[in-house]
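Asker: Got a predicted model here, sequence first, then my questions.
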Amino acid sequence: MKASWALTKRVQYALVYRKGSTFISGLIVMKVLSNRLDLSRYGFSVTKKVGNAVQRNRLKRLLRQIVGSQLLKPGWDIVFIVRRRAVDANYHQLEEAVASLLSQARLVQGNGKATSSKIN
């Protein structure tokens, strides 16, 4: 069973892609859309153009960990689209890119520091 914080259906991704706001960094593109729920849901899009399966899964694993350490406002669907350059990035570079995008979108709750170790 998937966690309640995960975007799992193609329709959910399509809605965020079509109606969501876009925020761009060198490593990641982030799309966000209000979902009117008590929690925020996340999805990660890493195409085969980014790298092989091991590289793609590593990036998704790192991003899940990074997003899980952020204290965010509830009520948003967020899709992270990974760019090719992210394959060569380390954890701290990815963390900086995600934090920057989340603060641009004003989704960080409180002082913007990573204070929560659970997703939502």
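Answerer: Done, it's in. Because the structure is a prediction, the values reported are computed rather than measured. Numbering: from 1, shown residues only.

Asker: which parts of stretch 72-88 are buried?
Answerer: Buried residues in stretch 72-88, counted by 16 or more other CB atoms under 10 Å: 72, 76, 77, 78, 79, 80, 81, 82, 83, 86, 87. For glycine as for every other residue, the C-beta is placed from the backbone atoms N, C-alpha and C.

Asker: Please identify which helix or strand holds the residue most central in space within the chain.
Answerer: For the chain, the residue nearest the mean C-alpha position is residue 80 (3.9 Å; CA atoms, centre = their mean). Element membership for residue 80 (DSSP states H and E) is strand 76-82.

Asker: Return the list of helices and strands in contact with that strand.
Answerer: Strand 76-82 sits against helix 10-19, strand 28-34, strand 41-45, helix 53-68, with contacts defined as 3 or more CB pairs under 8 Å, 6 or more residues apart in numbering; DSSP states H and E.

Asker: if we go to 10 Å?
Answerer: helix 10-19, strand 21-24, strand 28-34, strand 41-45, helix 53-68, helix 91-104 (3 or more CB pairs under 10 Å, 6 or more residues apart in numbering; DSSP states H and E).

Asker: So what are the sheet partners of it and their directions?
Answerer: Here strand 76-82 has these sheet partners by DSSP bridges: strand 28-34 (antiparallel), strand 41-45 (parallel).

Asker: What's the mean pLDDT across the first one?
Answerer: The predicted model assigns strand 28-34 a mean pLDDT of 97.

Asker: how about that strand: buried residues?
Answerer: So for strand 28-34, counting by 16+ other CB under 10 Å, buried means 28, 29, 30, 31, 32, 33.

Asker: can I get these in a markdown table with distance to residue 103?
Answerer: Formatted as a markdown table, those follow (distance: CB to CB, whole Å):
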| residue | distance to residue 103 |
| --- | --- |
| 28 | 13 |
| 29 | 16 |
| 30 | 11 |
| 31 | 16 |
| 32 | 12 |
| 33 | 18 |
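
Asker: from those residues, which single one is nearest residue 104?
Answerer: When these are ranked by distance to residue 104 (CB to CB), residue 30 comes first, at 8.3 Å.

Asker: show me the contacts for the closest one.
Answerer: 16, 20-24, 78-81, 97-98, 100-102, 104-105, 107 (CB atoms under 10 Å, 6 or more residues apart in numbering).
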